[in-house]
Structures are given as C-alpha cells and as structure tokens.
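*Asks:* Give me coordinates for this.
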Amino acid sequence: MQEIMLNDIDFGSLVSIAQNKQKTDISSVQTQIIRQLVTLNARSKEHGEYLYTIMMMLNDMQEKIKSSAGQSSETSLPNHEFEQIYEILPVSDEESLNNLQQALTNNTIFYNKTVKMLSLIGGGDIKESVRRILRKLISNEFAKT
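*Replies:* Here you go, the predicted model:
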C-alpha cells in the first residue's frame, strides 16, 4: 500500500478551494440581499403612490365638506318654512300652483332645495323620471283639467 506523505499533499490548493467556496457563498448571499432590497424599494415606491392617492382623495373630500358647510350656513333657513310649502305638493288647483311658483321665484334657497329634491327622484329612463317628478308636483285630478 502506498502511503501518502505530507509532502505529497498541496495544502495551498486546499486552502484556495475553501476560500473560493467561501467567496461563492458570500456572493450568493449578497445577491439575495440585493434582490430583497430591490423588492423592498419597489414596494416602498408603490406604497408611496398609494399614500399620495389617498391624501389627494382626502383633500378633495375636505374641500367638498368645507364648501358644502359654507353653502349650508349661508342658505340656512328654518325647515318649517320649507315643510309648509312642500305640504301643498302635489298641487291640486290653480291657486296652489301660483303659490308654489311665487315661492320658487322669490326664494332662491327654496328654489335650489326644490331642484335638488326633484333631481334625487330617479327612474329607469327619462320617461319614468319625468313621470315620477310630475306625480310629485301635480295631482292627477289637476293634470286632467
């Protein structure tokens, strides 16, 4: 049997193989870390864009609330005045129609509220919407005359 002598083994090559393996392990770890950093950076940018969008929506809502609060404080009138006029709806005679017309022409706040109320009456199409609005405004008996 042949004996291996210490002089026969090249320890330098063994050390260089170990160092190369260690360098390979370090470079693969670095590559994984870089990939994760790139992914995190992309997600961070995406979250920043979402945050910006949300902030813009929030600002729009705040502006709408401020403008509607300003309008409501300017146009605040007692509700009982509107209730009295809306009680005559649907109009059933010429006199109540004239009263409604005068109230609409003399009071812009009442006019705007009436327009808003009528615009909220919906329907499947134009014909149905008009029919519902007319039913709200004019009684069947008065419409026939």
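*Asks:* mind checking the SS state of Gly123?
*Replies:* What DSSP: H, G, I helix; E, B strand; the rest coil gives for Gly123 is coil.
*Asks:* surely it meets Lys136?
*Replies:* No. Assessed by C-beta atoms under 8 Å, Gly123 is found out of contact with Lys136, at 11.7 Å. All C-beta spots, glycine's among them, are computed from the backbone N, C-alpha and C.
*Asks:* Let me know the pLDDT of Ile26.
*Replies:* Looking at Ile26, its pLDDT stands at 72.
*Asks:* what do you get for Gln102?
*Replies:* 90.
*Asks:* how close does Gln101 get to Lys127?
*Replies:* 25 Å (C-beta to C-beta, to the nearest Å).
*Asks:* How about the backbone phi and psi for the most centrally placed residue in the chain?
*Replies:* Closest residue to the average C-alpha location of the chain: Met57 at 6.3 Å, with C-alpha atoms, centre = their mean. The phi/psi pair for Met57 (degrees, to the nearest 10) reads phi -60, psi -40.
*Asks:* Also Gly123?
*Replies:* Dihedral pair for Gly123: phi -180, psi 170, per degrees, to the nearest 10.
*Asks:* which residues touch Gly122?
*Replies:* Gly122 is in contact with 129, 132, counting by C-beta atoms under 8 Å, 6 or more residues apart in numbering.
*Asks:* now with 10 Å?
*Replies:* Contacts for Gly122 (C-beta atoms under 10 Å, 6 or more residues apart in numbering) come out as 128-129, 132-133.
*Asks:* For Leu100, which non-adjacent residue is spatially closest?
*Replies:* Closest residue to Leu100 apart from its sequence neighbours, by C-beta to C-beta, 6 or more residues apart in numbering: Val91 at 5.9 Å.
*Asks:* contacting residues around the one you found?
*Replies:* 97-101, 137-139, 142-143.
*Asks:* if we go to 6 Å?
*Replies:* The contact partners of Val91, taken as C-beta atoms under 6 Å, 6 or more residues apart in numbering, are 97, 100, 138.
*Asks:* Next, format those as a markdown table and append secondary structure.
*Replies:* Formatted as a markdown table, the contacts of Val91 follow (three-state DSSP):
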| residue | secondary structure |
| --- | --- |
| Leu97 | helix |
| Leu100 | helix |
| Ile138 | strand |
